[in-house]
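Q: sequence and computational prediction follow.
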Amino acid sequence: MISTVHQPQLPGLPSDRPLQQLVLEVHDRLCAEYGCPIPYFHTLDPLSELVSALLSHRTKNKDSHKAFQQLVVPFPTWEAVRDAPTEQVQGAIAPCTWAESKAPRLQQVLRLIGERLNGEWSLDFLGEMPVAEARAWLESLPGVGPKTSAAVLAFSRLRGRALPVDSHHHRVAVRLGILPAKVDVGPAHQILEALLPAEWTAQQVYDHHKVLMLHGQKCCFYRNPACDRCPLTDLCPSSRVPQPQ
Ligand code: SF4
């Protein structure tokens, strides 16, 4: 067990082992706090998960869920969403933020997928590809970055081994010294995933995403982190709780 305040080191160097030890210690403590394994919250096919992820950007879960439901009732196929008048799609997804830009973007993505897949309307083939290749395929679509590609593979019924990093996860990792503050959420994906043990299962990677996110939502708040009840204070260079010398 790590018991001293961590000295951050950049990953990718021979000296990054202490950083991986810190990540594993954080993972174990947060799993004890929030309860692992954590059940998956979706069983969507990967194309539906992609649409759901595109709608969820900067939107509360309950609002993006409502938008998704309002979209799939009047438009029972993705082909129908692609071909509908854009204002009707925009109206259906109105509960999410920026519906006016998400509607044309969604139709653009569906048009590209329709062209590439010759009308197959299934992304299940991504499950047969190495994760890195599947992510590259997804990220070649407009508006799809590393968080969305990881979410499609990890949260859909493909249950891929990919680590999404949201703003909560990013904030906690920076405060713990796992990530340099200047590394943004996008590039953080590669750094944080490289620190996870290669033998971890998809469920363990998913748990890691969930516990870091939950910790940011429930304790390590953007303003006024609740360090006095955090199980990581002795590991955290940003802790507001004085540590014994
Ligand atoms: S000690 Fe404070 S700043 Fe550090 S992870 Fe815990 S809540 Fe966040």
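A: Great, that's in hand. Numbering: from 1, shown residues only.
Q: now do the contacts for the residue nearest to the spatial centre of the chain.
A: For the chain, the residue nearest the mean C-alpha position is residue 164 (2.6 Å; CA atoms, centre = their mean). Neighbour list for residue 164: 147, 150, 151, 154, 155, 189, 209 [criterion: CB atoms under 8 Å, 6 or more residues apart in numbering]. Yep, even glycine has a C-beta here, placed from its N, CA and C like the rest.
Q: what about stretch 150-159, start to end distance?
A: Start-to-end span of stretch 150-159 (CA to CA, to the nearest Å) is 10 Å.
Q: buried set for that stretch?
A: By neighbour count on 16 or more other CB atoms under 10 Å, the buried set for stretch 150-159 is 150, 151, 152, 153, 154, 155, 156, 158, 159.
Q: repeat that for stretch 238-245.
A: Here stretch 238-245 shows residue 239 as buried, counting by 16+ other CB under 10 Å.
Q: follow-up on the earlier one: which one of the contacts of residue 164 is nearest the ligand?
A: residue 209 (16.2 Å; CB to the nearest ligand atom).
Q: quick one: which helix or strand includes the closest one?
A: helix 202-218 (DSSP states H and E).
Q: can I get that helix in PDB, CA atoms only?
A: Taking Å, rounded to 0.1, in the frame of the first residue of the first chain, the C-alpha atoms of helix 202-218 are listed here in PDB:
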ATOM      1  CA  ALA A 202     -13.200  -4.700 -19.700                       C
ATOM      2  CA  GLN A 203     -15.200  -4.700 -16.400                       C
ATOM      3  CA  GLN A 204     -12.200  -3.500 -14.400                       C
ATOM      4  CA  VAL A 205     -11.600  -0.700 -16.900                       C
ATOM      5  CA  TYR A 206     -15.300   0.200 -16.800                       C
ATOM      6  CA  ASP A 207     -15.100   0.200 -13.000                       C
ATOM      7  CA  HIS A 208     -12.100   2.500 -13.100                       C
ATOM      8  CA  HIS A 209     -14.000   5.000 -15.200                       C
ATOM      9  CA  LYS A 210     -17.100   4.800 -13.000                       C
ATOM     10  CA  VAL A 211     -15.300   5.200  -9.600                       C
ATOM     11  CA  LEU A 212     -13.200   8.100 -10.700                       C
ATOM     12  CA  MET A 213     -16.300   9.800 -12.200                       C
ATOM     13  CA  LEU A 214     -18.400   9.100  -9.000                       C
ATOM     14  CA  HIS A 215     -15.600  10.400  -6.800                       C
ATOM     15  CA  GLY A 216     -15.700  13.700  -8.800                       C
ATOM     16  CA  GLN A 217     -19.500  13.900  -8.500                       C
ATOM     17  CA  LYS A 218     -19.800  12.900  -4.900                       C
END
